[in-house]
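K.L.:
Can you look at this prediction? I've put the sequence above it.
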Protein chains: 2
Amino acid sequence: MTTIGVIGGTGGQGFGIALRFAQVGENVIIGSRTIDKALAAVEKAKELLGDIPNIQAATNPEAAKAADVLVLTVPLAAQRDILLSIKEGAAGKPLLDATGPLESCIGGSATRYIDLPEGSAAERSQSILPDAKVICAFNTISQSWWLQLDEPIDCDCLISGNDEDAKAFVTPLIEKIPGIKVVDCGKLERARIIEKITPLLIGLNIKNKCQFGGIRITGLDKGRA
Amino acid sequence: MTTIGVIGGTGGQGFGIALRFAQVGENVIIGSRTIDKALAAVEKAKELLGDIPNIQAATNPEAAKAADVLVLTVPLAAQRDILLSIKEGAAGKPLLDATGPLESCIGGSATRYIDLPEGSAAERSQSILPDAKVICAFNTISQSWWLQLDEPIDCDCLISGNDEDAKAFVTPLIEKIPGIKVVDCGKLERARIIEKITPLLIGLNIKNKCQFGGIRITGLDKGRA
């Protein structure tokens, strides 16, 4: 069993990811800036999943220390401070980074991306925490999917990262969640493209009055040598 | 029956698109800079499809004049000159723009995009030909799929454009090609994201030793009001 620390696990996306991993039997720690918020989220999780023992509350730094794998689901504006707060615990561990560089973080539209000096939010995380094994992940799966607990998620999870072992470790872990297929897109800098798919999907959701827009990659096993 | 002029129709992608539209019974004109190259492509098309009357050769400017809908499949370096050469014929017509801003056009890797001052190649086309109804299209469907004539294409065609009538006109036309579903992503500026998916897919093809990487959008009809 793997212990997964969800840093920023009280927001919709992080909470949904925490629920999904708890549901498939992994140890989950919901991290937050304050223990009270984390405890409240765990209470809510137990209402939804039943009184299961494999979901706990902690501050972000404690969650990072106790976990084997970290998930980062925080707004871009909070990314730097929260990452610095977990520096010690995150060292050497896979960190699944869902941060999105949406224009909404500077008061614009969530259907547009902003260009970051580091190239992508995931590369920004890596520059803040050089000792973590940052993997861009979850950017193309909407919050609504995570919270739709009774249904398989009809989306691929595009990942990218520089540590091949870390990607190999998290791939079967993520694929325990029903429906999800992981597609390894290569080195971390691929996050420059992956993260831009989020605002495309948000725009499609608005246009189609839905909340479940996602993507599947096709054709990768067709005609292989 | 619609007459489709494929501008730059002798390269692999344009030739494949021409074959697919001819196959479903549309009138196709393969355009090229020289009539000889266009005639050679039509000969090759007839070898592949049989001696059908609905595929013809023309220079790019003549193809643009004679067509109802244009398809642009040219390298970025040739985009401006070729568009200026078809200015007269393209006015007022839908122009399906497959141009990709790949780093390979400046001697780099086809797995990386370059940032264009106009935001995207499709917006660049629109700035060069303000009277054409430019629609970003075909960027997420590989050349190999177009040329795989005996199989439905397992890809969505992401489009974007500012003229709603033009998009409504081309959508059923593109969907005549077996397998393809058109997903309207909104205004032309969405091309800034759509065009960047091409280098992601090229990278996935290289990584997976295949040539058919594509995408499908999921979830847009789930839980709609």
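P.N.:
Received, thanks.
K.L.:
what's the pLDDT at the residue most central in space within chain A?
P.N.:
The centroid of chain A falls nearest to A:A98 when counting by CA atoms, centre = their mean (3.8 Å). You'll see A:A98 listed with a pLDDT of 97.
K.L.:
Do I have it right that it meets A:I135?
P.N.:
No. Using CB atoms under 8 Å, A:A98 is not in contact with A:I135; the gap is 10.1 Å. C-beta: built from backbone N, CA, C; applies to glycine.
K.L.:
mind listing the helices for chain A?
P.N.:
Along chain A, the stretches classed as helices by DSSP state H are A:12-23, A:35-49, A:60-66, A:76-85, A:87-90, A:121-128, A:143-147, A:164-174, A:191-208.
K.L.:
elements contacting the last one?
P.N.:
When you say that, I think you mean helix A:191-208. Where contact means 3 or more CB pairs under 8 Å, 6 or more residues apart in numbering or on different chains; DSSP states H and E, helix A:191-208 is packed against helix A:121-128, strand A:133-136, strand A:156-161, strand A:214-218, helix B:191-208.
K.L.:
Could you list the buried residues of that helix?
P.N.:
For helix A:191-208, burial by neighbour count (16 or more other CB atoms under 10 Å in any protein chain shown) applies to A:191-205, A:208.
K.L.:
does stretch A:175-189 come close to chain B?
P.N.:
Yes. Contact of stretch A:175-189 with chain B (CB under 8 Å from any CB of the partner chain) involves A:183-186.
K.L.:
That stretch: which residues count as buried?
P.N.:
A:177, A:179-180, A:182-189.
K.L.:
Among the residues you listed, which lie within strands?
P.N.:
Secondary structure from DSSP state E places A:182-184 of the buried residues of stretch A:175-189 in strands.
K.L.:
for those residues, which one is nearest B:L158?
P.N.:
The nearest member of those to B:L158, counting by CB to CB, is A:V183 at 17.3 Å.
K.L.:
Report pLDDT for that closest one.
P.N.:
Note on A:V183: pLDDT of 98.
K.L.:
quick one, what contacts it?
P.N.:
A:156-159, A:217, A:220, B:204 (CB atoms under 8 Å, 6 or more residues apart in numbering or on different chains).
K.L.:
so it bridges to which residues?
P.N.:
Note on A:V183: beta-bridge partners by DSSP bridges are A:L158.
K.L.:
Now do it against B:E103, distance only.
P.N.:
22 Å (CB to CB, to the nearest Å).
K.L.:
again with A:L158
P.N.:
Between A:L158 and B:E103 the computed distance is 20 Å (CB to CB).
K.L.:
Same question for A:L201.
P.N.:
In terms of CB to CB, A:L201 sits 25 Å off from B:E103.
K.L.:
do the same with A:K65
P.N.:
With distances taken as CB to CB, A:K65 is found 41 Å from B:E103.
K.L.:
Please say which of those two ends up with more neighbours.
P.N.:
Ranked by neighbour count (other CB atoms under 10 Å in any protein chain shown), A:K65 and B:E103 place A:K65 first, with 17 against 14.
K.L.:
Just the endpoints, please. Distance across stretch A:46-58?
P.N.:
One end of stretch A:46-58 sits 15 Å from the other (CA to CA, to the nearest Å).
K.L.:
Can you name the residues in contact with that stretch?
P.N.:
Here stretch A:46-58 makes contact (CB under 8 Å, 6+ apart) with A:1, A:5, A:18-19, A:22-23, A:25-32, A:35, A:38-39, A:41-42, A:45, A:66, A:149.
K.L.:
switch the cut-off to 7 Å
P.N.:
A:18-19, A:22-23, A:25-31, A:35, A:38-39, A:41-42, A:45, A:66, A:149 (CB atoms under 7 Å, 6 or more residues apart in numbering or on different chains).
K.L.:
Any chance of a PyMOL selection covering the buried ones in those residues?
P.N.:
A single PyMOL command suffices to select whichever of the contacts of stretch A:46-58 are buried according to 16+ other CB under 10 Å:
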select buried, chain A and resi 18+19+22+23+26+27+28+29+30+31+38+39+41+42+45
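K.L.:
follow-up on the earlier one: need the helices and strands packed on helix A:191-208 in a markdown table with mean pLDDT, can you?
P.N.:
Output for the helices and strands packed on helix A:191-208, formatted as a markdown table (pLDDT from 0 to 100):
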| stretch | mean pLDDT |
| --- | --- |
| helix A:121-128 | 98 |
| strand A:133-136 | 98 |
| strand A:156-161 | 98 |
| strand A:214-218 | 98 |
| helix B:191-208 | 97 |
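K.L.:
Make a markdown table from these and add distance to A:D115 to it.
P.N.:
A markdown table is the format used below for the helices and strands packed on helix A:191-208 (distance: least, CB to CB, whole Å):
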| stretch | distance to A:D115 |
| --- | --- |
| helix A:121-128 | 11 |
| strand A:133-136 | 16 |
| strand A:156-161 | 17 |
| strand A:214-218 | 22 |
| helix B:191-208 | 11 |
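K.L.:
Near chain B, which residues of chain A are found?
P.N.:
Proximity of chain A to chain B, by CB under 7 Å from any CB of the partner chain, involves residues A:154-155, A:185-186, A:190, A:193, A:196-197, A:199-200, A:203-204, A:207-220, A:222-225.
K.L.:
Please consider this matter closed, and thank you.
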